[in-house]
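S.K.: Below is the sequence, then the predicted model.
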Amino acid sequence: MNLRHFTARLCATLVIVFASAGAWAVDGKFSLSTGFDYSSGDYGQSTSTDILSIPVIGKYETGPWTYKLTVPYIEVTGPGNVVPGIGRGNGGGTSATGGTSTQSGLGDITGAATYNLFAGGASEPIIDLTGKIKLGTADRNKGLGTGENDYSAQVDVYQAFGRVTGFATLGYSILGSSSAIPLDNVFYAALGAGYKFDDRLSGGLILDLRQAASAFSGERRELTGYVNYKLDRDWKVQGYLLQGFADGSPDFGIGALVTRLF
């Protein structure tokens, strides 16, 4: 399925889902998002790899729990040895001629469950615990993924200071390893701050760090700037720009999401 056919099918599906979701969503706690994420980088090589992801994201909140499911379509253009989310693989690739090729299809489906351990207060932090599983649904033979499941756990801490909110993340991932793509388990972290300009507009910066997943991939260091805007009570949009500073990260990225609340 090419990108045009997938996009048309996705749009038709979203129209049906958006129209029906309100009938079973409880207390406005359900949301659906879609958009795009595009990145490009050489990952320590002479040839760049371009990755396009079009996700569909469902999120449901009930009490202290938040559940999230992400189903992406991805398209990768490059030498064939860069794995989305990992970086350079084990030297293998899908391009036998040493040039570039384009592969596309279903990406890795990711599920997450977050528990609000501490709700915080005017001068107290919010603390969340999250467990994630990344299913190896992307085709490894096409270079779209590792073909293995990953498991992650993280803690997130938020602290408000008037209009400014600082936040930090610390996590650990057990990466599915294979003879084709051998990987190590990694720690990852994030630091950031957001600013609320008014009731509709907010923005901020996030620094993401992660250990190298293998001897080939390199560590990740990325700075992301984002802007959120509430169009009305039910709709909001987000845009972001990314700059990479290590071989395990893309050189740059850009993305946007539109979210419908129910």
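M.R.: Sure, I can see it. Numbering: from 1, shown residues only.
S.K.: strand partners of the helix or strand hosting Ile254, parallel vs antiparallel please.
M.R.: In this assignment (DSSP states H and E), Ile254 forms part of strand 252-261. Looking at strand 252-261 with DSSP bridges, its partner strands are strand 30-41 (antiparallel), strand 235-244 (antiparallel).
S.K.: Mean pLDDT and mean neighbour count added to those strands, as JSON lines?
M.R.: C-betas here are computed from N, CA, C, even on glycine. Formatted as JSON lines, those follow (pLDDT from 0 to 100; neighbours: other C-beta atoms under 10 Å):
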{"stretch": "strand 30-41", "mean pLDDT": "98", "mean neighbour count": "19"}
{"stretch": "strand 235-244", "mean pLDDT": "98", "mean neighbour count": "17"}
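S.K.: Would you format those as CSV with distance to Ile126 included?
M.R.: CSV is the format used below for those (distance: least, C-beta to C-beta, whole Å):
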stretch, distance to Ile126
strand 30-41, 19
strand 235-244, 20
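S.K.: Can you check which of those gets nearest to Ala160?
M.R.: Closest approach to Ala160 among the strands paired with strand 252-261 (C-beta to C-beta): strand 235-244, 19.6 Å.
S.K.: okay, that closest one in PDB with CA atoms only?
M.R.: Extracted in PDB, the C-alpha atoms of strand 235-244 (Å, rounded to 0.1, in the frame of the first residue of the first chain):
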ATOM      1  CA  TRP A 235      -9.900  20.400  19.300                       C
ATOM      2  CA  LYS A 236      -6.200  21.200  19.800                       C
ATOM      3  CA  VAL A 237      -3.100  21.200  17.600                       C
ATOM      4  CA  GLN A 238       0.600  20.800  18.300                       C
ATOM      5  CA  GLY A 239       3.700  21.600  16.200                       C
ATOM      6  CA  TYR A 240       7.300  20.900  17.000                       C
ATOM      7  CA  LEU A 241      10.800  21.100  15.600                       C
ATOM      8  CA  LEU A 242      13.700  18.800  16.600                       C
ATOM      9  CA  GLN A 243      17.500  19.200  16.400                       C
ATOM     10  CA  GLY A 244      19.800  16.200  16.900                       C
END
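S.K.: about what we covered before: could you pull out the buried residues of the strand holding Ile254?
M.R.: Along strand 252-261, these residues count as buried under the neighbour rule (16 or more other C-beta atoms under 10 Å): 253, 255, 257, 259-261.
S.K.: now swap in stretch 203-222 and tell me
M.R.: By neighbour count with 16+ other C-beta under 10 Å, stretch 203-222 contains the buried residues 203-204, 206, 208-214, 216-222.
S.K.: So which of these belong to helices?
M.R.: Counting by DSSP state H, no part of those is found in helices.
S.K.: circling back to that earlier point, for the record, mean pLDDT for the strand holding Ile254?
M.R.: Regarding strand 252-261, the rounded mean pLDDT is 98.
S.K.: And the contacts of that strand?
M.R.: By C-beta atoms under 8 Å, 6 or more residues apart in numbering, the residues outside strand 252-261 that reach it are 18, 21, 28, 30-41, 57, 224, 233-244.
S.K.: Just to check, Pro64 is in contact with Ile126?
M.R.: No: if you go by C-beta atoms under 8 Å, Pro64 and Ile126 don't touch, sitting 11.1 Å apart.
S.K.: what residues are shared contacts of the two?
M.R.: With C-beta under 8 Å, 6+ apart, Pro64 and Ile126 have common neighbours 116, 119.
S.K.: More neighbours: which of these two?
M.R.: Between Pro64 and Ile126, counted using other C-beta atoms under 10 Å, the more crowded position is Ile126 (17 against 13).
S.K.: Put the alpha carbons of the strand holding Ile254 into PDB.
M.R.: Provided in PDB are the C-alpha atoms of strand 252-261 (Å, rounded to 0.1, in the frame of the first residue of the first chain):
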ATOM      1  CA  PHE A 252      16.600  17.500  12.300                       C
ATOM      2  CA  GLY A 253      12.900  16.700  12.500                       C
ATOM      3  CA  ILE A 254       9.500  18.400  12.200                       C
ATOM      4  CA  GLY A 255       6.000  17.300  13.100                       C
ATOM      5  CA  ALA A 256       2.400  18.200  13.900                       C
ATOM      6  CA  LEU A 257      -0.600  16.600  15.600                       C
ATOM      7  CA  VAL A 258      -4.200  17.400  15.700                       C
ATOM      8  CA  THR A 259      -6.300  16.000  18.600                       C
ATOM      9  CA  ARG A 260     -10.000  15.600  19.000                       C
ATOM     10  CA  LEU A 261     -11.300  15.400  22.600                       C
END
